[in-house]
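Trainee: Give me the fold of what follows.
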Amino acid sequence: MKSTEPRTSAPVRPVNEAQRAARAAANRGGPTLEFADQVPYDAYVRASTLHRMQHPITEDPGEMSFLVVSQVMELYFKLICVELREASRLLRADDVWAALAPLHRAALELEGLNGAWRALRWMTPADFNRFRDELGEASGFQSAMYRQLEFLLGLRNPALIRPFHRQTDQYDELVVTLAAPSLWDDVLELLDRRGFGIPAEVLHRDYSTEHEPAPAVENAWVRIYADGGPRDPLWLLGEALAEVAEQFGDWRYQHVKAVQRSMGAKVGSGGSNGLAWLQRSMGRVVFPELWSARTSM
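Mentor: A predicted model of the protein is given here:
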């Protein structure tokens, strides 16, 4: 799936295999050390730009760790959203086999996202308190990209876009995602096209509201797992979706543990009751019938 970001001039000059071989021969096996313009790696990755984006607001050295890990998570949110949108596009085109690849990538990227929490395991309440007050009302709850990720996975609550109404670009993007089918909705449309008889009231509903589990959907997955196996694309789709949901659930659990470790049950920075809010949110299940069907298998 091509990026929707606006394109500027080409960041690097393309080279082919013959040119790479000629350069290696001229360098006698060493790396190139002279460039006419910007270092190509920096031109492509924008590393110097990334490294200018950390602006701690205190002198506490732990704040830099907190800030960088938060930014790394934001980048992972964006990447996973790209993968889920690509999977949805392919499912709408009835290409289940191709949709498995972005789903597998998303699961691996969620593993990386989960690993980011380990970088904050040093943080005790005393560590967090040294800079927490200076963060004001800033809270991860206010991440527009995380909200996009939840919406794509089917966790939907229209009230949660209200914080962004003065940031029109983010707000408009969230409104579009909220009004469109989630990945799970695209899966259900696919199952209906494959003859599993998903009811019209499940398929044609207000997408801005959260999907309510339906017996027909659960029965469809029972049939898929009973009749299929590792060579059945729908069976493989179910397993890929389960891995994405499980890894996302792990991220939510790690979030709860990080909050418990660093601030206990204190009131959250963004106005919620903190830990209790996060624990309640974990009760909202991603791809619910994929899990409930296992009881009947």
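Trainee: residue contacts, S182?
Mentor: S182 sits next to F151, L152, L153, G154, R156, Y207, H211 when contact means C-beta atoms under 8 Å, 6 or more residues apart in numbering. Yep, even glycine has a C-beta here, placed from its N, CA and C like the rest.
Trainee: So G249 versus R162, what's the distance?
Mentor: 26 Å (C-beta to C-beta, to the nearest Å).
Trainee: So the two - more neighbours on which side?
Mentor: G249 (15 against 9; other C-beta atoms under 10 Å).
Trainee: Identify the residue nearest that one in space, chain neighbours excluded?
Mentor: Distance criterion C-beta to C-beta, 6 or more residues apart in numbering; nearest residue to G249, sequence neighbours excluded, is V286 at 7.0 Å.
Trainee: Now the one you found, what are its backbone angles?
Mentor: Note on V286: backbone dihedrals following degrees, to the nearest 10 are phi -80, psi 130.
Trainee: burial of it, as a residue count?
Mentor: V286 is flanked by 21 other residues according to other C-beta under 10 Å.
Trainee: if I look at it, how far off is M64?
Mentor: Taking C-beta to C-beta as the measure, V286 falls 32 Å from M64.
Trainee: Same check on Y76?
Mentor: Distance, Y76 to M64, using C-beta to C-beta: 19 Å.
Trainee: Tell me which of those two has more neighbours.
Mentor: Using other C-beta under 10 Å, the more surrounded residue of Y76 and M64 is Y76, with 22 against 13.
Trainee: Show the contacting residues for that one.
Mentor: Y76 makes contact with E109, L110, G112, L113, A116, according to C-beta under 8 Å, 6+ apart.
Trainee: low-scoring pLDDT stretches of the stretch 151-297 of the chain, where are they?
Mentor: Across the stretch 151-297 of the chain, the ranges flagged by pLDDT under 70 are 267-274, 277.
Trainee: and what of the stretch 1-150 of the chain?
Mentor: The stretch 1-150 of the chain contains residues with pLDDT under 70 at 1-10.
Trainee: Could you rerun that using 50?
Mentor: 1-2, 6 (pLDDT under 50).
Trainee: follow-up on the earlier one: ok, the residue nearest to G249 - contacts?
Mentor: V286 neighbours (C-beta under 8 Å, 6+ apart): L153, G154, L155, W184, V244, A245, F248, G249.
Trainee: Can you list phi and psi of the residue nearest to A214 when sequence neighbours are not counted for me?
Mentor: Spatial nearest neighbour of A214, excluding adjacent residues (C-beta to C-beta, 6+ apart): V202 at 4.9 Å. Dihedral angles of V202 (phi, psi; degrees, to the nearest 10) stand at phi -80, psi -40.
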